[in-house]
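Chemist: Predicted model, plus sequence, below.
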Amino acid sequence: MLTVTLIRHGESTHNVLALWSGCTECPLTERGMQQARAVGAYFADTEFTKIYASPLPRARDTAKAVLDAQSTPKPPHDFTIAQIREQSFGAAEGHQTCIREPGKTLEAHFAEEKYPILYESERHVAFPGGESVEDLTRRGERAVRDVVLPHVVNVARSGRDEHIALVSHGLCIAQVVGAIVRLGGGTWKRKGPMVNTAWVRVEMRIQGGIPVEVADDEVPPVEVTVTEEGRADHLEGLLDEGPLCGMKAVMGGGAVDAKSSSDAGATSTAQTSAS
């Protein structure tokens, strides 16, 4: 079995100010570092096969706290994974999030350097110079192909369990989890926002017995289960210190839906192959 634990970064300076962060290199706040150390301590007894992180400082520094808490010898790590950086918001980055003004087009907002939260139905829309949700979905699929799939192949060939950690960003994590679930033929939508350093866990079980012969670019038949979602037990001692997440945390891939999803974790089994 391959276990994938996806961890959101700690509180950043942009989270506190409710700014569009995207690919801006904003650092963790002091509280964000406390959160990072707390999640690192929480996973101190978890033996990760490898730890990956987005190269953006807020994710990279959170991942370093997780790595520092691991037993010696430390697991291998790669904190340069561009595929799991946050959605790019282009011209909006560094600007305040806002609600759309009735009767005004998006173009009119942009002309005034106002960048409102987008609707779920606008998944194809991007801020000037940025990525749309559809763009982020495709990038999440590339992340699964480039980062997760090699571990699936290793497990299929060797029969040995692996557990990897991906330290990323709330919007990107949602797309990566969705892409993993689709490998098993299912669909998934997160139940709600992820607070800073909250985590999601996905299990991928090889079907039909292992080891099996599988090519490097092939996905063996897998059962995919989202076993944990939005866990933040490690923050109990910090909950009375103010908001745990910025405005961006309430947006589904850069968009907000008028209806809240009640979907729980997803389980699916299917014969699949990478395209």
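Modeler: Sure thing, it's come through. Predicted, not measured: the structure shown is a model, and the values here were computed from it.
Chemist: so what's the residue nearest to Glu131 when sequence neighbours are not counted up against?
Modeler: Distance criterion Cβ to Cβ, 6 or more residues apart in numbering; nearest residue to Glu131, sequence neighbours excluded, is Ser88 at 4.5 Å. For every residue, glycine as well, the C-beta is placed using N, CA and C. Residues near Ser88 by Cβ atoms under 8 Å, 6 or more residues apart in numbering: Gly22, Cys23, Gly129, Gly130, Glu131.
Chemist: Next, find the distance separating Ser88 from Ile173.
Modeler: According to Cβ to Cβ, to the nearest Å, Ser88 and Ile173 sit 16 Å apart.
Chemist: hmm, back to that, of the contacts of Ser88, just say which sits nearest to Gly237.
Modeler: When these are compared for distance to Gly237 (Cβ to Cβ), Gly22 wins out at 30.3 Å.
Chemist: Run through the stretch 101-250 of the chain and note the low-pLDDT ranges.
Modeler: The stretch 101-250 of the chain contains residues with pLDDT under 70 at 239-250.
Chemist: Show me the strands in the stretch 151-275 of the chain, by range?
Modeler: Along the stretch 151-275 of the chain, the stretches classed as strands by DSSP state E, counting those that start in this stretch are 162-168, 199-206, 222-231, 255-256, 267-270.
Chemist: just these: most buried one?
Modeler: strand 162-168 (a mean of 25; mean count of other Cβ atoms under 10 Å).
Chemist: which strands and helices sit next to that strand?
Modeler: Secondary-structure packing of strand 162-168 (3 or more Cβ pairs under 8 Å, 6 or more residues apart in numbering; DSSP states H and E): strand 2-8, strand 50-53, helix 57-68, helix 149-158, helix 170-183.
Chemist: Tell me what angle that strand forms with helix 57-68.
Modeler: 150 degrees (axes from the mean of the first three to the mean of the last three Cα atoms, to 10 degrees).
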